[in-house]
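Undergrad: From the sequence below, what's the structure:
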Amino acid sequence: MCRSPLKFVIVVACLLLVPKIAAAQSAIAGVARDATGGVLPGVTVEVASPALIEKTRSAVTDQAGQYRVVDLRPGTYSVTFTLSGFATIKREGIVLEANFTAPINVEMRVGALSETVTVAAESPVVDVQNTMRREVVTRELLDTVPTGRDFQTIGNTLPGVTMGRFDVGGNSTAQSGTLVAFGSRGADFQLKIDGMHANNSFGEGWFNGIYHNEAAFQEMSYTVSGGTAENQAAGVSVNMIPRTGGNNFAYEFLGTYANDKFQGANIDDALRARGFNPAAGGLQKLWDANGNIGGPIKRDKVWFFASARNWGFTENVPGVYWLQSNPNIVPPNAEQATDPTKLKSYDGRVTTQLGATRLTGSYSYGPRDRQHFGIEARGGTPESFASYPNKASVTQAKITTTLTPHLLFEAGISRIWWWARLEAQERTRLATCFVAFLQCPAGTDYGDIRKRDLTLAWNYNAPATYGAEYASPRNSYMTSLSYVSGAHNTKIGFMWDTGYRTITTPMNNGGLSQQYRLGVPDSASSRRCRRCRIRRSIAKSASTSRMPGRSAG
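TA: Numbering: from 1, shown residues only. All right, here's what the predicted structure looks like:
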């Protein structure tokens, strides 16, 4: 990462001079012919849509009668073909999806100059100019299909795509993961916003860290095989197309809520007789409040879109209780474990058109708080898992300009910032002694120590690590230059990602972990001593031992 203003200026200057591979959105292309089948050069092709801030965009067919209009936002388009001496042809109702080239061919006949033929037909469904396998989830589907309202659970509804974990109604939305398809690796997953990277530097670069507001996006395009040169890996690639507002002010609100009264159970008396407890697990509550507003700052010039979302869930963890030293024994008056998570997202985007140049800027901030990080695996009690608050943001800026009727220039910067901290539970008794245990002053000790039963593979009493902090900023720079002819779109460019990750892990509560076998002290481990044997006298009487932490059992 550039650490001085001078280096940053040099980098940006180089990026503006060196073209790079970038992800254009969509295009409309085709051939204009006359009634005899001959090609028609010089036909003016004008595409129009409310999705375009400049309203219309045009091209002219070449000597082969071919045209191509690129860098189109997803939306509903009309295409008008005009040539002197021929009747004007207008195609309406063309629904253009993300990362799709719609083939629109036309046959023009001789006619009066004032004659216009309007054709309303179904939108093309086959892209004959791309070989990649992609699935697009439109805004209509996003609003209709019941999911957890994130790119993972939405992708899980597509053929051949899986998120690697089971989800019901969004109960896994707070657990960052990847999508795989047809044997791909989860580590090869890529997430993009408007064609720019939105992963941070943890893992192998697949970790997204931020939990996005689904309502801030118009479409989500999933490339599951046969990706383009823009994809750095062979895994699933998701490109989320942001919403931009429009010339009319619009707002919407969505609210959902559920609790244990909204779920059923197919539990009969035979299962109850065998000891199955239907109340042991299941949903405690789930909520989602989401509001959006968008419109013009200046009509046909500057648009804005803003959204805020507050959502989360709390689940009961079956068979797990506080201070439970044995997973097979429920302590008296035990309090059942829960897995609560709270998420928020604040998103804003501004789009402006200055002649042939479009500028966009966006910011997204998403804090999350998960009270018992990792407890869903049922490997221990709630107090043995640290609280896990984290924060993340995505800042993006992009410029797209038409230099000539055949040259399209794009450049953008995407900055992803992610921070997290592991914290002890409020019930955890912290250390009051920070020297060798036998030298601790009277009345001081190492506090609550993580305990693990090796035979039962069970953790309890306290987290092993807390106070640790994680940070991962990542900057992605992109710039590209596209040559657009009637038949082809040739693109060259440059990609450069910089970033780093830091992990700070302090020594807490002596850095110790006590290990037992069916409640009998076995050994202790620490960062200084990976496995230190405990005197046999401890096994005889834990109450008289000098083993730090709560008594065994």
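Undergrad: Show me where the stretch 151-300 of the chain has its helices.
TA: Counting by DSSP state H, counting those that start in this stretch, the stretch 151-300 of the chain has helices at residues 151-155, 269-273.
Undergrad: helix, strand or coil for the nearest residue to residue 458 once chain neighbours are set aside?
TA: Spatial nearest neighbour of residue 458, chain neighbours left out: residue 327 (5.2 Å); criterion: C-beta to C-beta, 6 or more residues apart in numbering. For glycine as for every other residue, the C-beta is placed from the backbone atoms N, C-alpha and C. For residue 327, the secondary structure call by DSSP: H, G, I helix; E, B strand; the rest coil comes out as coil.
Undergrad: ditto for residue 340
TA: Relying on three-state DSSP, one would call residue 340 strand.
Undergrad: Surely residue 362 and residue 242 touch.
TA: Yes. Residue 362 is within contact range of residue 242, at 6.3 Å (criterion: C-beta atoms under 8 Å).
Undergrad: what do those two both touch?
TA: Common neighbours of residue 362 and residue 242 (criterion: C-beta atoms under 8 Å, 6 or more residues apart in numbering): 193-194, 349.
Undergrad: for those residues, which one is nearest residue 436?
TA: residue 193 (51.8 Å; C-beta to C-beta).
Undergrad: Can you give me the distance of that closest one to residue 209?
TA: Residue 193 sits 13 Å away from residue 209, going by C-beta to C-beta, to the nearest Å.
Undergrad: of those two, who's got more company?
TA: The neighbour comparison of residue 193 against residue 209 (other C-beta atoms under 10 Å) goes to residue 209, with 27 against 22.
Undergrad: how deep is the closest residue in space to the more buried one that isn't next to it in sequence tucked in, by neighbour count?
TA: Using C-beta to C-beta, 6+ apart and skipping the chain neighbours, the partner closest in space to residue 209 is residue 418 (3.9 Å). Here the count is done by other C-beta under 10 Å, and residue 418 has 25 residues near it.
Undergrad: start to end distance for stretch 276-287?
TA: This stretch, stretch 276-287, spans 28 Å end to end (C-alpha to C-alpha, to the nearest Å).
Undergrad: Number the residues from 28 up from this point.
TA: Okay, using 28 as the starting number, the last item reads as stretch 303-314.
Undergrad: can you pull the contacts of residue 368?
TA: 201, 339-341, 395-398.
Undergrad: Let me have the residues you listed in TSV, adding pLDDT as columns.
TA: Formatted as TSV, these follow (pLDDT from 0 to 100):
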residue	pLDDT
201	59
339	90
340	89
341	90
395	91
396	91
397	89
398	89
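Undergrad: so which pair among those residues is furthest apart in space?
TA: Longest span within the contacts of residue 368, C-beta to C-beta: 341 and 395, 14.1 Å.
Undergrad: need the next SSE after the one helix or strand the residue nearest to residue 236 maps to, C-terminal direction.
TA: Element membership for residue 445 (DSSP states H and E) is strand 434-448. Counting by DSSP H and E, the element after strand 434-448 in chain order, helix or strand, is strand 477-480.
Undergrad: hang on, the earlier thing: from the contacts of residue 368, which land in helices?
TA: Secondary structure from DSSP state H places none of the contacts of residue 368 in helices.
Undergrad: From those, list the buried ones, please.
TA: For these, a burial check counting by 16 or more other C-beta atoms under 10 Å picks out 201, 339-341, 395-398.
Undergrad: Columns distance to residue 94 on top of those residues, output as a markdown table?
TA: Listed next are these as a markdown table, based on distance: C-beta to C-beta, whole Å:
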| residue | distance to residue 94 |
| --- | --- |
| 201 | 47 |
| 339 | 49 |
| 340 | 50 |
| 341 | 56 |
| 395 | 47 |
| 396 | 53 |
| 397 | 52 |
| 398 | 57 |
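Undergrad: ends of stretch 376-388, how far apart?
TA: For stretch 376-388, the end-to-end distance is 6 Å (C-alpha to C-alpha).
Undergrad: list the buried ones in it?
TA: Neighbour-count burial for stretch 376-388 flags 376-380, 385, 387 (criterion: 16+ other C-beta under 10 Å).
Undergrad: can you redo those residues as a markdown table with secondary structure, distance to residue 286 and pLDDT?
TA: Formatted as a markdown table, these follow (DSSP: H, G, I helix; E, B strand; the rest coil; distance: C-beta to C-beta, whole Å; pLDDT from 0 to 100):
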| residue | secondary structure | distance to residue 286 | pLDDT |
| --- | --- | --- | --- |
| 376 | strand | 34 | 96 |
| 377 | strand | 39 | 96 |
| 378 | strand | 40 | 94 |
| 379 | strand | 45 | 93 |
| 380 | strand | 47 | 87 |
| 385 | strand | 46 | 91 |
| 387 | strand | 40 | 94 |
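Undergrad: Let me know the closest of those residues to residue 404.
TA: residue 376 (37.4 Å).
Undergrad: which residues touch the closest one?
TA: 243, 269-272, 331-333, 387-390.
Undergrad: hmm, try it at 10 Å
TA: Neighbouring residues of residue 376 by C-beta atoms under 10 Å, 6 or more residues apart in numbering: 221, 243, 269-272, 321, 330-334, 387-391, 423.
Undergrad: Which of those fall within strands?
TA: Of the contacts of residue 376, the ones assigned to strands by DSSP state E are 269, 321, 330-334, 387-391, 423.
Undergrad: Run a quick neighbour tally on residue 517.
TA: For residue 517, using other C-beta under 10 Å, the count is 10.
Undergrad: ah, wrong one, I meant residue 187
TA: Neighbours around residue 187, by other C-beta under 10 Å: 15.
Undergrad: Need the pLDDT of the nearest residue to it once chain neighbours are set aside.
TA: Distance criterion C-beta to C-beta, 6+ apart; nearest residue to residue 187, sequence neighbours excluded, is residue 208 at 4.8 Å. We have a pLDDT of 81 for residue 208.
Undergrad: Next one: residue 208 from residue 257, what distance?
TA: 18 Å.
Undergrad: And residue 105, by the same measure?
TA: From residue 105 to residue 257 the distance is 29 Å (C-beta to C-beta).
Undergrad: ok, these two, which is more surrounded?
TA: Shown here are residue 105 and residue 257; by other C-beta under 10 Å, residue 257 has more neighbours (22 against 16).
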